[in-house]
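[1] Everything below, folded, please.
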Amino acid sequence: MKKCLKRVMALFMTSSLLLSGCGAAESADDRKQETEGTETVELTVWGEKDNTATLTKMIDSFKEQYKGQADFNITLETQADSGVRDVMLTDVHGGADVFSFPDDQLISLVAGGVLVPVPNAEEVSAENIKESVDAATLNGKLYGYPMTADNGYFMYYNKDYFTEEDVKSLDKMLSVAQAAGKKVAMEFNSGWYLYSFFGNTGLKLSLNEDGLQMPVTGMIHPVI
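    Prediction:
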């Protein structure tokens, strides 16, 4: 039945967003019940609210594909990916068996004993791009199934004021906006987006030897 558990995790595999079965998933076997000779496997899946319809279809498809092997009682619960780390570290055994999370939570989840290494690491690595596999890997071990590799940045601009040439330079955009009485805005409270600017002006981010703390070196040039 552990083979089936691995498959239900692989079901959602499609580096910034990762999917994994936590250490609690090992206890899924302990939750099996014998019902007239057929095993009943209970699993809890966490997912973003916006993904509810898609995940429901995937779960139904999984049940159909493996019907006869066991009776699956799979519960889908809404949980924001950004909050997975905090919830799981508060109560590992009460957490979901299958869940997605951003790759910046990997170190904390591994250190907290939440994640176990992926059993079919070579197969997963062969089927995904290197960058997404690296995002799910820590100390040479793969801890999650890469789910997305589209952590890109998008800039929206009004063509009534900016040309395609203007938007190639932030300085040019600021100049054009000032002349037109307009503003250029971005999220200053988001590390994801903020680093896209400072990462190209000398800022370097790395981890200390403890693997947890992140020192900052280089020069930061604020955008006004």
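
[2] Next SSE downstream of the longest helix seen in the chain?
    When the chain is parsed with DSSP state H, its longest helix is helix 52-65. Next helix or strand after helix 52-65 toward the C-terminus (DSSP states H and E): strand 71-78.

[3] between that following strand and helix 52-65, how big is the angle?
    Using axes from the mean of the first three to the mean of the last three C-alpha atoms, to 10 degrees, the inter-axis angle of strand 71-78 relative to helix 52-65 is 170 degrees.

[4] I'd like the mean pLDDT over strand 71-78, please.
    Per-residue pLDDT over strand 71-78 has a mean of 93.

[5] Double-check that residue 40 belongs to a strand.
    Yes - checked against DSSP: H, G, I helix; E, B strand; the rest coil, residue 40 lies within a strand.

[6] circling back: and the longest helix of the chain, what does it pack against?
    Where contact means 3 or more C-beta pairs under 8 Å, 6 or more residues apart in numbering; DSSP states H and E, helix 52-65 is packed against helix 2-11, strand 38-47, strand 71-78. Using the backbone N, CA and C atoms, a C-beta is placed for each residue, glycine as well.

[7] what pairs with the shortest one, and is each one parallel or antiparallel?
    The strands beside strand 71-78 in its sheet (DSSP bridges) come out as strand 38-47 (parallel).

[8] Where do the domain boundaries of the protein fall?
    If you go by automatic domain parsing, the domain ranges for the chain are 2-148, 166-217.

[9] Redo those as CSV? Include mean neighbour count.
    What follows is the domains of the chain, written out as CSV (neighbours: other C-beta atoms under 10 Å):
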stretch, mean neighbour count
domain 2-148, 17
domain 166-217, 12
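
[10] To residue 156, which of those domains lies closest?
    Among the domains of the chain, the nearest to residue 156 by C-beta to C-beta is domain 166-217 (9.9 Å).

[11] which regions of the protein sit below the pLDDT cut-off?
    Residue ranges of the chain with pLDDT under 70: 1-37, 149-152, 191-192, 196-197, 199-201, 204-224.

[12] Let me see the ranges of the helices in it.
    Ranges of helices in the chain, per DSSP H, are 2-11, 52-65, 84-90, 106-111, 121-126, 130-135, 170-180, 191-198.

[13] will you turn the ones you listed into a markdown table that also has distance to residue 40?
    Shown next, in a markdown table, are these (distance: least, C-beta to C-beta, whole Å):
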| stretch | distance to residue 40 |
| --- | --- |
| helix 2-11 | 12 |
| helix 52-65 | 12 |
| helix 84-90 | 25 |
| helix 106-111 | 28 |
| helix 121-126 | 28 |
| helix 130-135 | 34 |
| helix 170-180 | 58 |
| helix 191-198 | 41 |
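
[14] So which of these is nearest residue 162?
    Checking those against residue 162 by C-beta to C-beta gives helix 170-180 as the closest, at 6.0 Å.
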